[in-house]
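>>> Quick one, fold the following:
(2 chains)
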Amino acid sequence: MPKPNGAGPNGSVSNGGQVTFLEAIKQAMFEEMERDPAVILMGEDVGVYGGAFKTSEGLLERFGWERVIDTPISESAIIGAACGMSYCGLRPICEMQFIDFIVCAFNQITNFVAKGHYLWNAPAPMVIRGPSGGGVHGGPFHSANPEMYFVHTPGLKVIYPSTPYDAKGLLKAAVRDNNPVLFFEHKFLYRRIKGEVPTEDYTVPIGKAVVRREGKHLTIISYAAMMHTSLEAAEALAEEGIEAEVIDLRTLLPLDEETILNSVKKTNKCLVVHEDTRTGGIAGEIAAILFEKAFDDLDGPLVRVTSLDTPVPYAPTLEEHFLPNAKKVFSAAKELARY
Amino acid sequence: MKKELTRRQYMDLYYYMRLNRAVEDMMVKLFRQNKIVGGLYSSLGQEAISVGTAYALEKKDWLAPMIRNIGALLVKGVRPRDIFMQHMAKYDSPTKGKDGTSHFGDLDDLHIVSPISMLGDLIPVMTGVAMAGRYLGQKTVAMTWIGDGGSSTGVFHEGLNFAATQKAPFVLILENNLWAYSTPVRKQVPLENLADRAKAYGIDSYIVDGNDIVAVYSTAKEAVERARAGEGPILIEAKSFRRMGHAQHDPAEYVPKEMRAYWEARDPVALYERFLLGEKLLDAKNKEEIEDKIDTLLAAEREFAEHSPMPPPEFAETGVYCTGDDCHKIRAKWERPIAEVTPPRASVKGVWTVPGFGSGKGSGGANAPIHFGDTQPAEHAAGDDAKSANGGKPAAKMATKATSKKNVKPGTPSASKKARR
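Next up, the predicted model:
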């Protein structure tokens, strides 16, 4: 496989190394487009400007106008056209400038893209990705976590990674998957975390959670930015003698029930932390799974630490109150451990 | 009707129009015998549009039907039995009972994309199909239909606008049958001609009598070839009338009797038959031969459909996801050298060029000429305010201002058209 670092004027992307979350995503797109000319990128300002967050910077210079397409502000057209392209054997990646705007294409995604394989045997290998999540004072329309709208839609796969390694490996897996995959990128992580990614080609399997920290007193299940919050809380808990096991879901649909059940059967207690609002969040689904399949193993109630059931407010004081944080996770976990 | 086609083409159009009508007549019978599971939508009186437009496509081209485009499916090569079985929810139907009506497709052979019930969604999807065909070097054209009602959806605008900016080889047939369920077209759209919608996208359009199949075919043929030649998307408004209700359950009592009588007197099949008889392209004998051929075919197709089983209940659980290569081997069919779209040949300078202004990103407008194209001098267009407000980097803002100023001037060539080039 050719090295993606064009090492010249055309393409400034290097592969591997110690990289930011954002750089990992850029590398994944770069390498997949290098590997397969059927992969194209479409979205608002993804070309000349390189994307609102510069996630696609350098891709136009490397791959040209036919493969890096600046679109009008038309989310339904972006998703629809990508779907049509995928029917012809292409593997389009669509960027939503902020993931909040994905709901502008809700019908196109849930009715057209998601149902095609079931109804008329038409696979739609495409990726819809974009920056999501709060904590950066983006206000009610630039901070959303809309993943659960889509987790409720059979036919889609939904990924929400927390580390540069996973972001790169899962995005590459998403591009190669024959199904429509939604890929949420927590923008709080874009430039705040770094991690090692290998120089050689690799993928991370879709639908597999991972145990980030071993523990025996309770299981904390989380994903995306809240995974880091949960780890931070787990360290504080350890100082009090409480060993929390932390699971990073990574993929929300399909959900890795096995990893969840194995952990809870060991620790007998479960806390779910998500930045999504409370009602209808993934915690409810996990609770149902535990009640169905691990009822006798539970030694305490399922506890949720989530955002409030409100829109994401703008003022830092309000947003900080709205969001979960390590302190809230710590208190809830401590109480649950004592139960 | 003008005489301009080959005898073979005239007879094909006649055969498919008769077949279209006969298939739907048979489905009305099946519906009354309670053999059709869901609703039944009729294209009675609109057959010339479906048949004439689809007949303008080549085999490799793509189409996506709407609910009343049974004729287009037949022309593209769908067997009547598949249409019967779709409506009867049979296991041998293209969707194996998972969906009904014209909601099915064929990606591999016939190049048909399945519609969904949400109107207009096919427009961006077929734009994508058209763009993919161009990207892969296949020289294909994509076609879909939309009703007068569906032309008011947001996705109609997003899709057609995107197709226009991309100059996609895409033909959109706007089937104006005067009624969106019970709402007359005048209550939906404040336009005399729906083809005028094309002006908003800077694309060409045609208006055609949707009950004159020769005119429909000739117009569609010209549009398809222009799209194939790279002229961008084209909109055709075909004017006709929905003779039945929205579906079988709807007696359509809201339609004025005079309107119905007017259009019934202009039945597209009868009009075409009269033309063919007059031109001596058809006589009583070969008319009877065609009718017999269709009767025999449909009897056998119906027989097959009726004997097909219902899908087994547990089949409902299957097929939500593609499981990989064992399920679908997805391969792009390249008909151009891949080297053209892979580095280093694909590499470009990542800049926009704005006519009359420097050389795009990074130029800072330093090389910008003082005139905006062939229009008024920039200082008149943008004014000193704009310049100073932008602190020496005026290019982008000035361009916007100059353009918007120019747009309000009547009689000058369109600035937006210029920008598109």
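
>>> And the helices in the chain?
Going with chain A. A:21-35, A:59-63, A:75-87, A:106-107, A:116-120, A:147-151, A:164-176, A:225-239, A:257-267, A:282-293, A:316-322, A:326-338 (DSSP state H).

>>> To clarify, I was referring to chain B.
Using DSSP H, helices in chain B cover B:7-32, B:47-54, B:70-76, B:80-88, B:122-135, B:154-166, B:213-228, B:257-264, B:268-278, B:284-307, B:378-389, B:395-407, B:415-420.

>>> Name the stretch among the helices of chain A that sits most buried.
Ranked by mean neighbour count, the helices of chain A are led by helix A:75-87 with a mean of 30 (mean count of other CB atoms under 10 Å in any protein chain shown). In short, each C-beta sits where N, CA and C put it, glycine included.

>>> quick one: that helix to helix B:122-135, angle?
Counting by axes from the mean of the first three to the mean of the last three CA atoms, to 10 degrees, helix A:75-87 lies at 50 degrees to helix B:122-135.

>>> any idea how chain A splits into domains?
Using automatic domain parsing, the domains assigned to chain A come out as A:17-197, A:210-338.

>>> As TSV, these with mean pLDDT and distance to residue B:342 would be great.
Below are those laid out as TSV (pLDDT from 0 to 100; distance: least, CB to CB, whole Å):
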stretch	mean pLDDT	distance to residue B:342
domain A:17-197	97	5
domain A:210-338	98	31
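
>>> can you tell which of those domains is closest to chain B?
domain A:17-197 (2.6 Å; CB to the nearest CB).

>>> Compare the helices of chain A and give me the one nearest residue A:43.
helix A:75-87 (6.3 Å; CB to CB).

>>> That closest one - contacts with which helices or strands?
strand A:39-43, strand A:91-95, helix B:122-135, helix B:154-166 (3 or more CB pairs under 8 Å, 6 or more residues apart in numbering or on different chains; DSSP states H and E).

>>> which residue packs closest to residue 131, ignoring adjacent ones?
Here I'm looking at chain A. Once flanking residues are discounted, residue A:131 sits nearest to residue A:187: 3.9 Å by CB to CB, 6 or more residues apart in numbering or on different chains.

>>> I was thinking of chain B, sorry if that wasn't clear
Here the residue nearest residue B:131, using CB to CB, 6+ apart, is residue B:168, at 5.2 Å.

>>> Same check on residue A:109?
Residue A:109 sits nearest to residue A:79 (CB to CB, 6+ apart), 5.8 Å away.

>>> how far away is the one you found from residue A:106?
9 Å (CB to CB, to the nearest Å).

>>> Could you pull up the residues touching residue A:82?
A:42, A:92, A:94, A:126, A:128, B:128 (CB atoms under 8 Å, 6 or more residues apart in numbering or on different chains).

>>> The third one contacts residue A:76, correct?
No. In this structure residue A:94 lies outside contact range of residue A:76 using CB atoms under 8 Å: 11.1 Å.

>>> quick revisit: ok, which pair from the contacts of residue A:82 is furthest apart?
Farthest pair in those, by CB to CB: A:128 and B:128, 13.5 Å.

>>> Between these two, which is the more surrounded one?
More neighbours surround residue B:128 than the other of residue A:128 and residue B:128, with 34 against 29 (other CB atoms under 10 Å in any protein chain shown).

>>> For residue A:298, the count of nearby residues, please.
By other CB under 10 Å, 17 other residues sit near residue A:298.

>>> quick one: it and residue A:270 touch, right?
Yes. Applying CB under 8 Å as the test, residue A:298 and residue A:270 come out as touching, 7.3 Å apart.

>>> tell me, what's touching these two both at once?
A:264, A:290.

>>> Next, the contact list for residue 55, please.
Picked chain A for this. Taking CB under 8 Å, 6+ apart, we find residue A:55 in contact with A:22, A:25, A:26, A:29, A:95, A:131, A:185.

>>> um, chain B though
B:9, B:12, B:13, B:16, B:75, B:217, B:220.

>>> Write out the residues of the stretch 101-250 of chain A neighbouring chain B.
A:107-108, A:111-112, A:115-123, A:125, A:154-155, A:157, A:178-179 (CB under 8 Å from any CB of the partner chain).

>>> go with 7 Å
Counting by CB under 7 Å from any CB of the partner chain, the stretch 101-250 of chain A comes close to chain B at A:107-108, A:111-112, A:117-120, A:122-123, A:125, A:154-155, A:178-179.

>>> quick check, nearest of the residues you listed to residue B:71?
The nearest one, if we look at those relative to residue B:71 and count by CB to CB, is residue A:120, at 19.9 Å.

>>> Surely that closest one touches residue B:102?
No. Checked against CB atoms under 7 Å, the pair residue A:120 and residue B:102 is beyond contact range at 11.0 Å.
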